[in-house]
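>>> Sequence plus the predicted model coming up.
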Amino acid sequence: MRDLSAELLAWYDTHAREMPWRVAPADRKAGVLPDPYAVWMSEVMLQQTTVAAVRDYHRKFMTVWPTVRDLAAADDADVMAAWAGLGYYARARNLLKCARAVVADYDGVFPDTYAELLKLPGIGPYTAAAVAAIAFDRPETVVDGNVERVMARLYDIHAPLPGSKAELTARAAELTPQTRPGDYAQAVMDLGATICTPRSPACGICPWRDDCAARIAGTAAELPKKTPKKKTPTRFGIVYVARRTDGAWLLETRPETGLLGGMLGWPGSEWGDNPEPQPPFAADWRELTEEARHTFTHFHLRLKIMVARTGPATQPLRGEFLSQAKFNPTALPTAMRKVFDLASVTLRDD
DNA sequence: TAAACGTGGCG
DNA sequence: TCGCCAAGTTT
């Protein structure tokens, strides 16, 4: 069989996707490696997230916190607000923990081995391999969704994920070269993202087309197989949007753990089949005609919105009033921002 | 091992 | 409207 990794690297030399945190193959060949901090930041943001969604967030974070020491010294609330809208907020909490661990335990210098990286918060097998390979050119094997799909097709593996992950990982490891491992890691993911796509893969222009068992068998488009998922249930909730006469909004910081953990949100009921009303203070609460709808990974959410105006003396049972000047709606996670968008029509400035 | 954990784009 | 999918990690 031909040298698959060499074929892929040749393809990557002319087809590498451009990303702000990436060093082009020509420059890497000249010995230039990217800033490990920027690579780590990008890899955490890219977990289950598209490159298009990450670009602006990565630029913003690198501008506001240019080094890991800057990030480690940041206020938690500022980091959570900057992450708002990107999703999977545990990543932001772990991002801060990791930055502080790098400063405290590694003198602000990212460790350069898979084993050490794996110990850090928010860094799992994929991210440890990605940072080790991309930032330090270590021959580690990255296995993300792209690589799983590419391997399943290259070897025509029909066993369903996630059960087949170990076998796909083993196949990927066999292919990982000792030369240019950082470029190879990015190349195999780029291949999955641009050619070996989930739907209608472009097998005709694939650098591995002559080696791909699934293309030859005609099964590429139906791989990888996955075990079927349960369908998503619907939960209901009630949120309370209060505005004081001086323009302040009643908000609360959600608990550190769980859904939207550590993020700003509107006080309200638990979310379930039949939520119990829980107004944060007694008032003439008005129900909005339209409810806010949002879909999370594992359930649909429908929020009934109650609004009220109140005076300066109000002492809420939960949350605290945030002045007009301090409240930035972009600091809200999307579900809560949808509520704001609907409620602000009624509670807008007079 | 399985479930929890966001969001936006696409067919 | 709906399910699938995106450079996964944690519990």
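That came through, no problem.

>>> for DNA strand B, what are the nearby residues on the stretch 1-150 of chain A?
Counting by C-beta under 7 Å from any atom of the strand, the stretch 1-150 of chain A comes close to DNA strand B at A:48-50, A:52-53, A:84-90. (C-beta placed from N, C-alpha, C; glycine too.)

>>> filter those to the buried ones?
A:84, A:86-87, A:89 (16 or more other C-beta atoms under 10 Å).

>>> For these, which two are the farthest from each other?
A:84 and A:87 (9.4 Å; C-beta to C-beta).

>>> Overlap of the contact sets of these two?
Common neighbours of residue A:84 and residue A:87 (criterion: C-beta atoms under 8 Å, 6 or more residues apart in numbering): residue A:333.

>>> Could you dump the residues of the stretch 1-150 of chain A next to DNA strand B into TSV and include secondary structure and distance to residue A:10?
Converted to TSV, those look like this (DSSP: H, G, I helix; E, B strand; the rest coil; distance: C-beta to C-beta, whole Å):
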residue	secondary structure	distance to residue A:10
A:48	coil	30
A:49	coil	29
A:50	coil	27
A:52	helix	27
A:53	helix	30
A:84	coil	42
A:85	coil	38
A:86	coil	35
A:87	coil	36
A:88	coil	35
A:89	coil	40
A:90	helix	39
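
>>> of all those residues, which comes closest to DNA strand B?
Nearest to DNA strand B among these, counting by C-beta to the nearest atom of the strand, is residue A:87 at 2.6 Å.

>>> Need phi/psi at the nearest residue to the closest one once chain neighbours are set aside.
Leaving aside its sequence neighbours, residue A:87 sits nearest to residue A:49 (C-beta to C-beta, 6 or more residues apart in numbering; 6.8 Å). Main-chain torsions, residue A:49, degrees, to the nearest 10: phi -140, psi 140.

>>> Assign the residue of chain A positioned farthest from its centre to helix, strand or coil.
For chain A, the residue at maximal distance from the C-alpha centroid (C-alpha atoms, centre = their mean) is residue A:313, at 40.8 Å. Following DSSP: H, G, I helix; E, B strand; the rest coil, the label given to residue A:313 is coil.

>>> Looking at it now. What's its pLDDT?
pLDDT, residue A:313: 94.

>>> The one 4 residues further on now?
Turning to residue A:317, the model gives it a pLDDT of 97.

>>> State the distance from the residue nearest to it when sequence neighbours are not counted to residue A:291.
The shortest distance from residue A:317 to any non-neighbouring residue, by C-beta to C-beta, 6+ apart, is to residue A:280 (5.3 Å). Remark: distance between residue A:280 and residue A:291 (C-beta to C-beta, to the nearest Å) = 19 Å.
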